[in-house]
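Colleague: prediction below, plus the sequence it came from.
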Amino acid sequence: MPRNYLATSVVAEKDGRKENAWYNYGGRQDFSYYTPELVNKLANEVVNRVVVLFDAIKPPAGEMPVVLGPGVTGILLHEAIGHGMEADFNRKKISTYANMIGKKVAEPFVTIIDDGTIHNKLGAINIDDEGTESQKTTLVENGILTSYLHDKISAKHYNLKPTGNGRRESYQHFPLPRMRNTYMLPGEANPEDVIKSVEKGIYVKDVSNGQVKIGEGDFAFYVSQGQMIENGKLTSPIKDVNIMGNGPKMLQNITMVANDLKLAESGAGFCGKGGQRVPVGFGLPTCLVKSMTVGGTS
Amino acid sequence: MNKEMFDLCNWIIETAKSAGADDCKVYISRNRFVDIENRERKLQTVKEATTQSINLSLYVNGRYSSQSTSDLRKESLKKFIAMSLENTGLLEEDPFRSLPDPKYYEGRAEIDLKKLDPNYGLLTPEKRKAIIKEIEDACYLYGGDKIVSVTTSVYDDNYEEILITSNGFEGSEETTICWAGAQVTVQDEGDRRPTAYNYVGNRFHEKMPDLKEIGKNAALRALNLLGAKKIETQTVPIIVENKNVGRILWGFLSALYGWNVQQKRSFLADKKGQKVGSDLFTLIDDPHIVGALGSCLYDGDGFHTKKRTFIEKGVVNEFLIDWYRSRKLGWEPTTGNTTNLFIPKGTRSVEEIMKDLGKGVYITGFLGGNSNSTTGDASVGILGHLFENGKLTQPIAEMNIAFNHLEFWNKLIEVANDPYIYSSWQMPSLVFSDVVVSGI
């Protein structure tokens, strides 16, 4: 399957102040994917993203509800939760999820999937790098942790079948359990109702630069696009802010899941682990996390 | 200089030029490494490989490309060169691309930087195992019954490179390095399993520091994370531990690079000669420190290296401008790379400074976050300790600091006496006043 990206970065200036933004599309498809309409969409999106930053404020610091918008925010699921469910970290006892198979890790309306079979998405594979057929693996089913992501070594350790997650960057590396396309199944709420339920918090449209500590589950993400939520309405755009949290706690704190699952069409799409980069995809419906730390300035 | 590699470089240049290249630059490298890892006292990984690669930069009819291959056979290289030339022809012209003016090649220092260990061959498998065992023993000794997992490793390599341009530059070097360390995971309350690591390196394996200390330090760093929690948002002085200074400094330094200045993505672009930090903020790059990890005699363009002061007492003095960006900007080139970068050390230890400050946050790690080179705005997750009355009182996690670099470096109120020597950026711990630390 061919793989490609189209990325653009824009710097804008207004009244002597500069801002920049970037956006990209990528996937496993040929160049016919990049129609003039899609290229226009990309240009419009990146310009809108930079222009909005001139009106953006830095939100107050502290704990507050966070609404994760649909699509690319699925990277939070990938980083903050998915890595901890890769079986090598659990086999080595260094993941916070090491003793949690079969236990309740989220509300019953939360189901998380890792799926290598979605056509055109960056994490799509026919077989993994150990020859195991690609598959759709349910990590969390109705709030219960049901499976880790296995390569052949971890599968043998746990006396299970491999899940088709043994992936490597190239012939110079050895396979490790790696995610493919990781997403949460949609819930029943309307996205508007999720936003309406928040008196004061932030809405996260896009995040980047995520990092997680596997053993503790602690993570931090930079909010590259977002808005304040005040009295149930989206208000000022926000900038230069991080959201901090703990993967297991965040999962427990997801109190609403909307019906608008979207798989990310942008995002750099590479995941790094053990010095190896492999392409991955992710997605999320609109979700409410009832409390996270927002790293603002006051 | 490895004659075989040198001859191959020259053959590539001749072949490329005779096939139509106006100019070219060839970089050949060869690296032999060994990497051994133990987990919970059992051998987990053994890797040994020799890798070679060629990077070829071509300048053809005003067009430029840079291409690489790991197939060094001449028959393959002939095809590689022909295809590279063909690909270059597909690109747009770029009038700013050229090999540097050879005058910048001149003046290379003649110093033995002590980058090659003559006793590298004595680093045997038995010696590597012994290094791992000593570190491992110390991890278990100091980690005690809280230990969940210990991974120890030793990595060493012998690296050779040759850089030749068609307009007269020739440079080569051979280096060795040995890194060793451990990652320790300990059991906290509930399902939290804090992990910490400590790795150190030296170009001479026999000059590695006390191995017990490496393991002890890794174990204690992990134990220090036990009980970490989020605390109330507050404005306090912060001390950034020496080995973590690079993470925040990079956000500042990125704005000094020509590629950001030229792309109008630098908050420092118009600040030359202006004060952007406190008098304590001096940033020096010294490529000629014997034995230091970043030392070198020439940079990626082939320019001879020299000591530079990028920031002097808070004032922007010099940018990092490589040849290409210098042509686009119309600025005099400096260099495109840092070597051994440091802020001059102060006189007091972190412990002494902590006593004076009374209360504050000691940052021992960063998590995620972003630093915007266009605006200078930064936001980054932190972990470390609250200190009160000069003593560490509460490990902290899930917290954040947000600042703008143009304000932040003015808050630098003290530099400790502890430069971190196991990095090419030999930074001491830094103290900043009045920083908002976000938590509950």
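Modeller: Right, received. Where do you want to start?
Colleague: would stretch B:239-251 count as contacting chain A?
Modeller: No - judged by C-beta under 8 Å from any C-beta of the partner chain, stretch B:239-251 and chain A are separated, with a smallest distance of 10.8 Å. (Glycine included, C-beta is placed from N, CA and C.)
Colleague: same question for that stretch, mean pLDDT?
Modeller: Mean pLDDT, stretch B:239-251: 96.
Colleague: and that stretch, how far from the chain's centre?
Modeller: 12 Å (C-alpha atoms, centre = their mean, to the nearest Å).
Colleague: now stretch B:134-147
Modeller: That offset, for stretch B:134-147, works out to 29 Å (C-alpha atoms, centre = their mean).
Colleague: residues making contact with it?
Modeller: The contact list for stretch B:134-147 (C-beta atoms under 8 Å, 6 or more residues apart in numbering or on different chains) reads B:38, B:41, B:150, B:152, B:180-182, B:184-187, B:211-216, B:218-220, B:222-223, B:226.
Colleague: which of the residues in the longest helix anywhere in chain A are buried?
Modeller: Taking DSSP state H as the criterion, chain A has its longest helix at helix A:36-52. Going by neighbour count (16 or more other C-beta atoms under 10 Å in any protein chain shown), the buried part of helix A:36-52 is A:Leu42, A:Glu45, A:Val46, A:Arg49, A:Val50, A:Val52.
Colleague: give me the distance between the closest residue to chain B within the stretch 1-150 of chain A and B:Asp94.
Modeller: Among all residues of the stretch 1-150 of chain A, A:Ala61 sits closest to chain B, at 3.6 Å; criterion: C-beta to the nearest C-beta. Going from A:Ala61 to B:Asp94 by C-beta to C-beta, to the nearest Å gives 45 Å.
Colleague: what about B:Pro90, neighbour count?
Modeller: Just so we're on the same page, residue B:90 is Leu rather than Pro. Counted with other C-beta atoms under 10 Å in any protein chain shown, the neighbours of B:Leu90 add up to 8.
Colleague: ok, now B:Asp210?
Modeller: Neighbour tally, B:Asp210, other C-beta under 10 Å: 12.
Colleague: list the contacts of it.
Modeller: Neighbouring residues of B:Asp210 by C-beta under 8 Å, 6+ apart: there are none.
Colleague: can you check B:Leu225 too?
Modeller: The neighbours of B:Leu225, taking C-beta under 8 Å, 6+ apart as the test, are A:Glu216, B:Val186, B:Asp188, B:Pro194, B:Thr195, B:Ala196, B:Leu383, B:Pro395, B:Ala397.
Colleague: same check on B:Cys24?
Modeller: B:Ile12, B:Ile13, B:Ala16, B:Lys17, B:Leu56, B:Ser57, B:Leu58, B:Tyr59, B:Thr165, B:Ser166.
Colleague: hmm, back to that, more crowded one of A:Ala61 and B:Asp94?
Modeller: Taking other C-beta under 10 Å, A:Ala61 and B:Asp94 do not tie; A:Ala61 has more neighbours (26 against 15).
Colleague: re earlier: the residue of the stretch 1-150 of chain A closest to chain B contacts A:Met244, correct?
Modeller: No - look at A:Ala61 against A:Met244 with C-beta atoms under 8 Å: they stay out of range, at 10.2 Å.
Colleague: counting neighbours, what do you get for the closest residue to B:Ile231 other than its chain neighbours?
Modeller: Leaving aside its sequence neighbours, B:Ile231 sits nearest to B:Gly439 (C-beta to C-beta, 6 or more residues apart in numbering or on different chains; 4.9 Å). Here the count is done by other C-beta under 10 Å, and B:Gly439 has 23 residues near it.
Colleague: what's the distance between B:Gly439 and A:Gly201?
Modeller: 17 Å.
Colleague: any idea how the chain splits into domains?
Modeller: Since you didn't name a chain, this refers to chain A. Here the domain assignment for chain A is A:4-54, A:59-298, based on automatic domain parsing.
Colleague: chain B, not that one
Modeller: Using automatic domain parsing, chain B is parsed into the domains B:3-100, B:120-158+B:171-223, B:234-438.
Colleague: columns distance to A:Leu145 on top of those, output as JSON lines?
Modeller: JSON lines is the format used below for the domains of chain B (distance: least, C-beta to C-beta, whole Å):
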{"stretch": "domain B:3-100", "distance to A:Leu145": "24"}
{"stretch": "domain B:120-158+B:171-223", "distance to A:Leu145": "11"}
{"stretch": "domain B:234-438", "distance to A:Leu145": "22"}
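Colleague: so which of those comes closest to A:Met179?
Modeller: A:Met179 lies closest to domain B:234-438 among the domains of chain B, at 17.9 Å (C-beta to C-beta).
Colleague: which parts of the stretch 1-150 of chain B sit against chain A?
Modeller: Proximity of the stretch 1-150 of chain B to chain A (C-beta under 8 Å from any C-beta) is limited to residues B:Arg39, B:Ala49, B:Thr51, B:Val148, B:Ser149.
Colleague: greatest separation within these: which pair is it?
Modeller: Once C-beta to C-beta is applied, these give B:Thr51 and B:Val148 as the farthest pair, at 34.5 Å.
Colleague: when the two are compared, which one has more neighbours?
Modeller: Shown here are B:Thr51 and B:Val148; by other C-beta under 10 Å, B:Val148 has more neighbours (20 against 13).
Colleague: that one against A:Thr96, yeah?
Modeller: No - under the criterion of C-beta under 8 Å, B:Val148 makes no contact with A:Thr96, lying 11.0 Å away.
Colleague: buried residues in stretch B:121-138?
Modeller: Buried positions in stretch B:121-138, judged by neighbour count with 16+ other C-beta under 10 Å: B:Leu123, B:Arg128, B:Ile131, B:Ile132, B:Glu134, B:Ile135, B:Glu136, B:Asp137, B:Ala138.
Colleague: picking up where we left off before, quick check on the residue of the stretch 1-150 of chain A closest to chain B: phi, psi?
Modeller: In terms of degrees, to the nearest 10, the main-chain angles of A:Ala61 are phi -80, psi 160.
Colleague: contact residues of the stretch 301-440 of chain B facing chain A?
Modeller: For the stretch 301-440 of chain B, the residues found near chain A under the criterion C-beta under 8 Å from any C-beta are B:367-370, B:372, B:374-375, B:377-381, B:383, B:397-403, B:436, B:438-440.
Colleague: and with 10 Å instead?
Modeller: B:365-383, B:397-404, B:436-440 (C-beta under 10 Å from any C-beta of the partner chain).
Colleague: can I have the buried ones of these as a ChimeraX selection?
Modeller: This is how ChimeraX selects the buried members of those, with burial counted by 16+ other C-beta under 10 Å:
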select /B:365,366,367,368,369,370,371,372,373,374,375,376,377,378,379,380,381,382,383,397,398,399,400,401,402,403,404,436,437,438,439
